[in-house]
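**Q** whatever this is, show me its structure:
(one chain, ligands or ions: 1)
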Amino acid sequence: MTKALMWFRYDLRLHDNLALLAASDFDEVIPVFIYEKTNSATTASDWWLHYSLEALAESIKSRGGSLIIRQGNPQLIIEELMNTFQIDALFFNRSLLSKDVLLEQELVEKYSTKTTYVKCFDDRLLFYHHKIVTKNQTPYKVFSSYWKIAKLQYITFPQNKNSSFSKDTFDSLALDDLKLIDNHHWMKKFGAYWTPGEQQAIQKFEDFIEQDLASYNKLRDFPGKQGTSDMSPYLAWGNISIRSMWYRVKRFIDEQPEHADAADSYLRQLAWRDFAYEQLAQFPDLDRVPVRKAFQHYPWAFDEDLFTAWKTGQTGYPLVDAGMRELWETGIIHNRVRMVVASFLVKHLRIPWQYGYDWFKETLVDFDTANNAMGWQWVTGSGIDAAPYFRVFNPTGQAQKFDSGALYIKRWIPELKDVPPDVIHSPQKYVAAHQISYPQPIVDHATARKLALEGFEHIKKH
Ligand SMILES: Cc1cc2nc3c(=O)[nH]c(=O)nc-3n(C[C@H](O)[C@H](O)[C@H](O)COP(=O)(O)OP(=O)(O)OC[C@H]3O[C@@H](n4cnc5c(N)ncnc54)[C@H](O)[C@@H]3O)c2cc1C
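**A** This is a model prediction of the structure:
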């Protein structure tokens with residue numbers, strides 16, 4: 001009887017999971033999830049993790065097994081499990097996070113012996129990590145050039161196999177012991193908007209393909225419309241296989257070639273995620289340190305009150321406030337609005353982007369180290385393939401362009417619901433005259449823009 005230990009990480013699903021497929025060649029698969037954090041406050045992403053684990057444990061149970069849940073140092077816990085249950089092989093998918101590289105190498109070295117076998121896989125992305133490089137073997141710095149090559153790569157076709165989960169009972173924590181959710185906490189509202197887990201991910205993606213993919217390229221920038229897939233939190237914890245998404249979109253193109261442009265633009269967006277992980281591999285402190293070092297000298301001007309106004313959606317700029325309130329209520333912000341709120345924080349308020357990164361890390365259900373870090377560095381202008389530093393999004397102009405009917409603004413700022421369309425994007429005079437309880441702008445756009453640009457002039461000297 002051969003036994004394999006399957007270590008679940010950011011791949012909380014049974015379908016098309018490369019490590020699990022390999023483990024399934026063994027007579028018995030023992031599944032384990034190890035929660036590493038021991039003392040920090042719970043985040044929106046933890047909420048997602050809780051329900052993803054619940055769903056995964058249920059799926060494993062329905063196949064006769066039981067998911068072992070542990071908390072602490074993965075190396076020690078794996079060692080204990082390998083020894084206690086006399087396991088023959090260890091399988092896991094790479095996390096691709098800088099902090100895990102050494103641990104993964106050490107596990108491979110330790111368990112590649114005469115009696116045990118270990119294998120880890122690149123399962124998290126579409127393209128093999130580090131394989132898409134320039135002619136000089138250096139990583140691409142510009143996404144469009146990266147995508148030109150990336151889209152020609154072969155992507156492993158999704159595969160499924162039934163695993164024989166071990167029927168033994170193991171010592172395990174109860175899911176609630178991890179304290180990933182807090183009943184009195186703001187995250188309690190998320191259940192009204194989301195159902196995490198593998199089955200929901202597959203169904204939601206299928207609905208998107210059938211209902212919205214054909215108009216993706218036309219609607220994806222309009223936050224008041226249902227134009228995007230909302231798959232990001234499912235991808236963050238691997239509730240769905242990225243390869244199965246890719247091949248489902250390809251099938252859609254075969255079946256409905258008239259919508260190939262829309263579908264291609266969706267595949268291109270998926271590849272941004274790969275590009276973010278390539279950047280993280282190249283710059284392991286992407287989440288803390290600007291890639292363009294000159295940005296370390298930017299004259300930031302942190303102000304606690306302005307930061308609080310931004311976090312709570314009280315800046316007096318309706319599109320910014322709608323975005324920040326959507327985040328607090330649902331754990332997500334539409335991509336177009338993410339760019340606008342992020343730009344507002346770093347350029348209008350001159351608050352360092354790392355504060356924004358940390359706030360998103362705490363409040364986003366789709367928090368993803370690489371995507372979040374790349375997003376903030378892109379907006380700031382400090383990243384590799386970043387928005388030019390002199391592009392200061394005008395939050396009023398962005399609202400007029402992308403939420404002209406103010407559907408999104410009115411959804412998240414109920415106090416503005418009766419403001420007439422001709423003034424809703426600059427409502428300051430109207431709200432003052434009608435005594436509507438909505439703040440006046442906390443900074444003047446023209447002045448803030450001028451100060452932001454002066455700050456960028458300053459860093460040019462470095
Ligand atoms: C400041 C900032 C912070 C961000 N933080 C995160 C984060 O923590 N987690 C996260 O998943 N995304 C992040 N993004 C990227 C993007 O906003 C989200 O991926 C997108 O809004 C998710 O919605 P969706 O699934 O409906 O996207 P869709 O438009 O349906 O796209 C499908 C998938 O493609 C990927 N994708 C799309 N756009 C991007 C992008 N610009 N960068 C990387 N991947 C992309 C995502 O996996 C997404 O789920 C951030 C963007 C910015 C500007």
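
**Q** what about residue 198, neighbour count?
**A** Applying other CB atoms under 10 Å, we find 23 residues neighbouring residue 198. For glycine as for every other residue, the C-beta is placed from the backbone atoms N, C-alpha and C.

**Q** quick check: closest non-adjacent residue to it.
**A** The shortest distance from residue 198 to any non-neighbouring residue, by CB to CB, 6 or more residues apart in numbering, is to residue 13 (4.3 Å).

**Q** my read is the one you found is in a strand, agree?
**A** No: using DSSP: H, G, I helix; E, B strand; the rest coil, the secondary structure at residue 13 is coil, not a strand.

**Q** residues contacting it?
**A** With contact set as CB atoms under 8 Å, 6 or more residues apart in numbering, residue 13 has these partners: 56, 198, 201, 238, 239, 240, 241.

**Q** identify, from those, the entry nearest to residue 102.
**A** residue 238 (21.8 Å; CB to CB).

**Q** surely the closest one is within a helix?
**A** No: counting by three-state DSSP, residue 238 is not part of a helix but coil.

**Q** related to what we said a few turns ago, just send the contacts of residue 13 back as CSV, with pLDDT and distance to residue 387 too.
**A** Formatted as CSV, those follow (pLDDT from 0 to 100; distance: CB to CB, whole Å):
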residue, pLDDT, distance to residue 387
56, 98, 38
198, 98, 35
201, 98, 31
238, 98, 29
239, 98, 31
240, 98, 29
241, 98, 31
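
**Q** mind putting those into a markdown table with distance to residue 374?
**A** Formatted as a markdown table, the contacts of residue 13 follow (distance: CB to CB, whole Å):
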| residue | distance to residue 374 |
| --- | --- |
| 56 | 28 |
| 198 | 26 |
| 201 | 23 |
| 238 | 19 |
| 239 | 22 |
| 240 | 21 |
| 241 | 22 |
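
**Q** distance to the ligand added to the residues you listed, as CSV?
**A** Converted to CSV, these look like this (distance: CB to the nearest ligand atom, whole Å):
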residue, distance to the ligand
56, 20
198, 16
201, 11
238, 12
239, 12
240, 10
241, 13
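
**Q** can you tell me which of the residues you listed is nearest residue 223?
**A** Proximity of these to residue 223 (CB to CB) peaks at residue 201, which lies at 22.3 Å.

**Q** wait, that closest one touches residue 234, no?
**A** Yes: contact status for residue 201 versus residue 234: in contact at 3.8 Å, counting by CB atoms under 8 Å.

**Q** mutual contacts of these two, please.
**A** Common neighbours of residue 201 and residue 234 (CB under 8 Å, 6+ apart) are residue 240.

**Q** can you pull out the helices in the stretch 301-450 of the chain?
**A** Applying DSSP state H, counting those that start in this stretch to the stretch 301-450 of the chain gives helices spanning 304-311, 318-330, 335-343, 353-363, 369-380, 395-402, 407-412, 428-433, 445-459.

**Q** to the ligand, which of those helices lies closest?
**A** helix 369-380 (2.4 Å; CB to the nearest ligand atom).

**Q** doesn't residue 32 belong to a strand?
**A** Yes: remark: residue 32 belongs to a strand, assigned using three-state DSSP.

**Q** can you tell me how far the residue nearest to residue 198 is from the ligand?
**A** 15 Å (CB to the nearest ligand atom, to the nearest Å).

**Q** and for residue 187?
**A** 16 Å.

**Q** same question, residue 235
**A** 5 Å.

**Q** once you drop chain neighbours, what's closest to the residue positioned nearest the centre of the chain?
**A** By CA atoms, centre = their mean, the chain has its centre lying nearest to residue 368, at 3.5 Å. Closest residue to residue 368 apart from its sequence neighbours, by CB to CB, 6+ apart: residue 236 at 4.8 Å.

**Q** what do you get for residue 314?
**A** Residue 314 sits nearest to residue 439 (CB to CB, 6+ apart), 5.1 Å away.

**Q** I'd say that neighbour and residue 315 touch.
**A** Yes: at 7.0 Å, residue 439 counts as touching residue 315 under the criterion of CB under 8 Å.

**Q** what's the overlap in contacts for these two?
**A** Common neighbours of residue 439 and residue 315, counting by CB under 8 Å, 6+ apart, are residue 309.

**Q** spell out which residues of the stretch 301-450 of the chain are next to the ligand.
**A** 335, 338-339, 342, 360, 364, 366-368, 371-372, 375-376, 379 (CB under 6 Å from any ligand atom).

**Q** could you rerun that using 8 Å?
**A** Counting by CB under 8 Å from any ligand atom, the residues of the stretch 301-450 of the chain close to the ligand are 332-335, 338-339, 341-342, 356-357, 360-361, 364, 366-372, 374-376, 378-379.

**Q** just the buried ones among these, please.
**A** Using 16 or more other CB atoms under 10 Å as the burial test, these include 332-335, 338-339, 341-342, 356-357, 360-361, 364, 366-372, 374-376, 378-379 as buried.

**Q** how many other residues sit next to residue 51?
**A** Residue 51 has 22 neighbouring residues, counting by other CB under 10 Å.

**Q** thinking again about what came up before, more neighbours: which of residue 439 and residue 315?
**A** residue 315 (25 against 14).

**Q** how close does that one sit to the ligand?
**A** Applying CB to the nearest ligand atom, the value for residue 315 to the ligand is 16 Å.

**Q** next: residue 427.
**A** Taking CB to the nearest ligand atom, one finds residue 427 at 25 Å from the ligand.

**Q** quick one: end-to-end distance for stretch 119-130.
**A** 18 Å (CA to CA, to the nearest Å).
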